[in-house]
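# Can you look at this prediction? I've put the sequence above it.
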Amino acid sequence: MKLIWKRILFTCLFLGTGITGLYASDGGEIDSGATAWMLTSTTLVLLMIPGLAMFYGGLARTKNVLGTIMHSFAAMGIISILWVVVGYSMSFGRSVLGGFFGWSPEYFFLNGIDNNILEAKVPEYVFSMFQGKFAIITPALIAGAFAERVNFKAYCIFIALWSLIVYNPLCHWVWASDGFLYNLGARGAIDFAGGTVVHISAGFSGLVAALFVGSRRGYPYQVIRPTNLVLTMLGAGMLWVGWFGFNAGSSISSGLSTAQALTATQIAAAAGALTWSIIEGFHQGKSTALGFASGILAGLVAVTPAAGVVQPYGAMILGILASLICYKAIQLKNKLGYDDSLDAFGIHGVGGVVGAIFLSFFIRPSWMKEAAAAASDGSWTVWNQLGVQTLAVAIAIIYAMGMTFVIIWTLNKFIRFRASEDEEMAGLDRSYHGERGYGMLNPS
Amino acid sequence: MKLITAIIREVQLDKVREALIAAEITRITVSRVSGNGRQRIEEMYRGQRIVPDLIPKIKIEIAVNDAFVDITINTILKAAKTNGTEGHLGDGKIFIIPLEECIRIRTGERGGLAI
């Protein structure tokens, strides 16, 4: 019992280093500085979704550009609504069913938080909308794995189910103050802004989905060229900018921990991008624009779980490691021949694992000291934390992969998940949206 | 030598291309074109019906020696036709014109050898 109280005390003490302040009192004081930054962060994370749409859309073929962009935009519609109705409650409500997910009646339709102010002195509406953006981008990331060949209607149902069955429970385990991964070990599994919840879950689910639907027609023999790399580069730039909201916003404050996260984010992105360019330069003789963008993403993904705990040198090493390993992973994909079309697994799955595991070696000393104080026997080593991180990653991978398979397999019984051959050949734009992306390419 | 020009539906390009490759005809030129034939399509734009004057099509150009004319035409005919053996308005056309000369720029070879 004593231990539990100690733990709760510590959780309260270090409000700045994680997602906190869930059981709030009404009518508390508002910190306008923190609230202003959280509002900005919420907006920045929303900006990442059109960013992702552009990144993915540019990589698809011309006939699929709108369909691919719509995968991200559809998530903005579907998941926003689901999040307000049940998602926030399932993620951040009090644990039910043995902690499988959360549920608090006052979060249903967000009907009871009209006047809530969190302990972080931020209105709860802001926190719930901020978290809602994470719920949107995660299923949208998966779409990169099965791009260019999926039935739009089935996709919409899939992301809704996936959000309910995979995302919300996982989010509850890792980020809710009574989630079991949040309380694993001395100070919990470290997932500052979504390494396991967002990137690992999306990446590995993407892998399962890509294997289930099979390769695109003609892959890998037919050359499949991106429609517009300019769009992709702009999207990557928007993602980098938005990531400041994603990581620095995850401090749920506007202070020291925010600055630490923001700095780590910038460094890892740059280190990742440079590393990828250098590897490509040596390996292929030319550094591609797409390679630079991939490096940005690999670095950002790897620093996502780590942003709150690593110092600049750690962020740099994480960025470098992420690009090295993701580059290898994509080569391995080409060798194995499965069609993870836009490398949702290769970048988000692999990069997420790299970040969540290797961050253990770069945790700032003050964090470790606090963890040691919180541990039952007063000592906490890198290896203890590595164990916690590995366990959290393994749980996220197994759960996401297993459930994604169950969802797609079941869904496929009712609606064909994969586009028919004719629809795929005609392109998603024409088959599912009745439009074309670039009207001006042909005189009309 | 003949120059075969086929105007086909955009969506049939993959099928035609694959069929041509299967028939070992690989040297082709493809371009996007718009045209007005007998096909009339109605499109919905913001809830309104519109009938575009020019419909996007794909143009395939293949220069062949006389021995390959028939197989090329038959391959395109089979692969570009939609709706089974029935066909639909808008499946396209094939034009064949005599080819006076063909020169490979790299070597300066002329005639059938250069194709």
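Good, I have the coordinates.
# Could I get the contacting residues of A:Thr390?
By C-beta atoms under 8 Å, 6 or more residues apart in numbering or on different chains, the residues touching A:Thr390 are A:Ile357. Glycine gets a C-beta too; all of them are placed from N, C-alpha and C.
# so where does it fall, helix or strand?
helix A:382-414 (DSSP states H and E).
# how long is stretch B:79-91 from one end to the other?
With C-alpha to C-alpha, to the nearest Å as the measure, stretch B:79-91 spans 10 Å from end to end.
# Buried by neighbour count: which residues of the worst-scoring helix or strand of chain B on mean pLDDT qualify?
Least confident helix or strand, chain B: strand B:43-45 with a mean of 76, by mean pLDDT, DSSP states H and E. Neighbour counts over strand B:43-45 (16 or more other C-beta atoms under 10 Å in any protein chain shown) mark no residue as buried.
# Indicate whether whatever helix or strand comes next after that strand makes contact with chain A.
Under the assignment DSSP H and E, the closest C-terminal helix or strand after strand B:43-45 is strand B:48-50. No: Strand B:48-50 lies out of reach of chain A by C-beta under 8 Å from any C-beta of the partner chain, never closer than 10.4 Å.
# outside of strand B:48-50, which residues touch it?
If you take C-beta under 8 Å, 6+ apart as the criterion, strand B:48-50 is touched by B:Glu42, B:Glu43, B:Met44.
# Quick check: of those, which lies closest to B:Glu109?
B:Glu43 (47.1 Å; C-beta to C-beta).
# Would you check that the closest one makes contact with B:Pro52?
Yes: the criterion here is C-beta atoms under 8 Å, and B:Glu43 meets it with B:Pro52 at 6.4 Å.
# circling back to that earlier point, quick check, distance from the helix holding A:Thr390 to the centre of its chain.
Per C-alpha atoms, centre = their mean, to the nearest Å, the displacement of helix A:382-414 from the mean C-alpha position of its chain is 14 Å.
# Likewise for stretch A:287-305?
With C-alpha atoms, centre = their mean as the basis, the mean position of stretch A:287-305 lies at 14 Å from the chain mean.
# Buried residues in it, which are they?
By 16+ other C-beta under 10 Å, the buried positions in stretch A:287-305 come out as A:287, A:290-305.
# circling back to that earlier point, list the buried residues in the helix holding A:Thr390.
For helix A:382-414, a neighbour-count test (16+ other C-beta under 10 Å) marks A:384-385, A:388-389, A:392-393, A:395-397, A:399-401, A:403-404, A:407-408, A:411-412 as buried.
# what element comes up after it heading to the C-terminus?
Following helix A:382-414 toward the C-terminus (DSSP H and E): helix A:421-426.
# do the helix or strand that comes right after that following helix and chain B meet?
Per DSSP H and E, helix A:421-426 leads on to helix A:428 as the next helix or strand towards the C-terminus. No: shown here: helix A:428 not in contact with chain B (C-beta under 8 Å from any C-beta), separated by at least 12.2 Å.
# what comes into contact with helix A:428?
Under C-beta under 8 Å, 6+ apart, the answer for helix A:428 is A:Lys63, A:Asn64, A:Leu66, A:Gly67, A:Thr68, A:Met70, A:Glu148, A:Val150, A:Phe152, A:Ala419.
# Count the neighbours of the third one for me.
Under the neighbour criterion other C-beta atoms under 10 Å in any protein chain shown, A:Leu66 is assigned a count of 24.
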